[in-house]
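S.K.: A predicted structure for the sequence below; I have some questions about it.
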Amino acid sequence: MTDGDLLRDAVAELYSSDPEEFVERRGALVARARESGQAPAAKQIAALRKPTRSAWVVNKLVRADPGVTAELASLGEELRAAQDSLDGAAIRELSQRRRELMESLARRAFTVVGVPAPPAGIRDEVTATLGAALADPQFAGTLAAGSLVRAVQAEGFGQVGRPALTLVKGGQRGGEVGGGARAPRAKTAAPARPAAPSAEEVRAERERRHRAAVAEAEQAASEAAQAADAATAGEHELEATVERLEEELADAREALAGARVQARRARTRQRSTQQALDRLRGDASGRGC
């Protein structure tokens with residue numbers, strides 16, 4: 001078996017197994033590669049990183065159903081085409097399909113791992129990762145390998161297909177008197193009644209208010225995303241610390257096992273030496289020395 005075969009098999013085993021077993025299984029695979037005289041493969045296997053729980057769920061899904069990434073890529077392509085063409089009807093339909101697909105894939109993923117009622121945080125990370133694959137064809141290709149280490153969140157497709165909007169100032173139309181002549185002033189002038197806005201002006205005002213509301217919502221969503229990213233980064237940092245400690249513990253246990261073997265051997269030699277000494281003393285005493 002070549003180094004490539006060993007590494008491929010190790011990746012398939014490690015990223016399909018429960019993350020709680022990752023460190024122990026990786027250590028066994030590294031030892032097996034070393035015993036087979038394939039040090040390069042052992043080094044590569046030792047460098048494999050433990051996946052988070054949400055990444056493992058996604059890995060299990062794409063390994064159980066390789067067609068998932070094709071589903072995501074196909075719908076993502078349709079969404080981008082609708083966005084480029086500014087086809088509002090298509091965007092609304094595809095956005096609904098996107099929500100339905102995300103919900104369906106999340107249910108399938110947790111069914112595959114046998115967790116029908118997952119924690120909300122892990123479910124959100126799984127859904128966000130699948131959404132990132134839909135938004136980014138390159139990441140969809142990465143996801144297809146089934147060896148994701150961390151959950152991923154994309155910025156795109158928040159409100160799918162909607163182009164970037166900017167605020168515009170609505171104009172006001174003033175009345176004019178033709179011919180440059182001054183309008184006659186009445187002796188008792190009543191306040192002028194403002195002209196009723198035209199249908200076009202009403203639509204423009206509604207659009208302006210809508211755009212302002214969208215801009216405000218986008219700002220709130222951006223701030224929420226930043227807060228979520230900061231919390232996720234803290235979580236990942238702690239996970240990395242736990243993983244490092246687990247690795248150190250595994251190494252310490254391995255060293256302890258070796259020390260116990262050496263101690264048993266030393267105690268066996270000590271007993272043998274003592275027995276030989278006792279026999280020699282007994283022989284000497286019998287001869288009257």
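M.R.: Yep, that arrived.

S.K.: quick one: the strands in the protein, in order.
M.R.: Secondary structure of the chain (DSSP state E): no strands located.

S.K.: which one's the longest helix in it?
M.R.: helix 199-286 (DSSP state H).

S.K.: which strands and helices sit next to that helix?
M.R.: helix 22-35 (3 or more Cβ pairs under 8 Å, 6 or more residues apart in numbering; DSSP states H and E). The C-beta positions use only the backbone N, C-alpha and C, and glycine is treated the same way.

S.K.: rerun at 10 Å
M.R.: helix 22-35, helix 120-135 (3 or more Cβ pairs under 10 Å, 6 or more residues apart in numbering; DSSP states H and E).

S.K.: which parts of the longest one are buried?
M.R.: Think helix 120-135. Neighbour-count burial for helix 120-135 flags 122-135 (criterion: 16 or more other Cβ atoms under 10 Å).

S.K.: now for stretch 57-77, what's the gap between its first and last residues?
M.R.: Across its full length, stretch 57-77 reaches 25 Å between end residues, using Cα to Cα, to the nearest Å.

S.K.: JSON lines for the helices and strands packed on helix 199-286, including distance to residue 154 and mean pLDDT?
M.R.: Supplementary listing: the helices and strands packed on helix 199-286 in JSON lines, determined by distance: least, Cβ to Cβ, whole Å; pLDDT from 0 to 100:
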{"stretch": "helix 22-35", "distance to residue 154": "26", "mean pLDDT": "91"}
{"stretch": "helix 120-135", "distance to residue 154": "4", "mean pLDDT": "91"}
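
S.K.: closest one to residue 267 among these?
M.R.: Checking the helices and strands packed on helix 199-286 against residue 267 by Cβ to Cβ gives helix 22-35 as the closest, at 25.9 Å.

S.K.: what does the closest one rub up against?
M.R.: Identification of contacts with helix 22-35 by Cβ atoms under 10 Å, 6 or more residues apart in numbering yields 1, 3, 6-7, 9-11, 13-15, 17-18, 21, 38-51, 56, 243, 246-251, 253-254.

S.K.: now do 6 Å
M.R.: Applying Cβ atoms under 6 Å, 6 or more residues apart in numbering, the set of residues contacting helix 22-35 from outside is 6, 10, 14, 17, 41-42, 45-46, 50, 246-247, 250.

S.K.: PyMOL command to pick out the buried ones of those?
M.R.: To isolate the buried ones among the contacts of helix 22-35 in PyMOL, judged by 16+ other Cβ under 10 Å, type:
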select buried, resi 6+10+14+17+41+42+45+50+247
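
S.K.: and residue 283, what does it touch?
M.R.: If a contact means Cβ under 6 Å, 6+ apart, then residue 283 has no contacts.

S.K.: per-residue pLDDT, it?
M.R.: According to the per-residue confidence, residue 283 scores 78 in pLDDT.

S.K.: measure it to residue 277 for me?
M.R.: Residue 283 sits 11 Å away from residue 277, taking Cβ to Cβ, to the nearest Å as the criterion.

S.K.: pLDDT of stretch 70-88, averaged?
M.R.: Average pLDDT, stretch 70-88: 88.

S.K.: quick one: it to chain centroid distance?
M.R.: Relative to the chain's own centre, stretch 70-88 is displaced by 22 Å; criterion: Cα atoms, centre = their mean, to the nearest Å.
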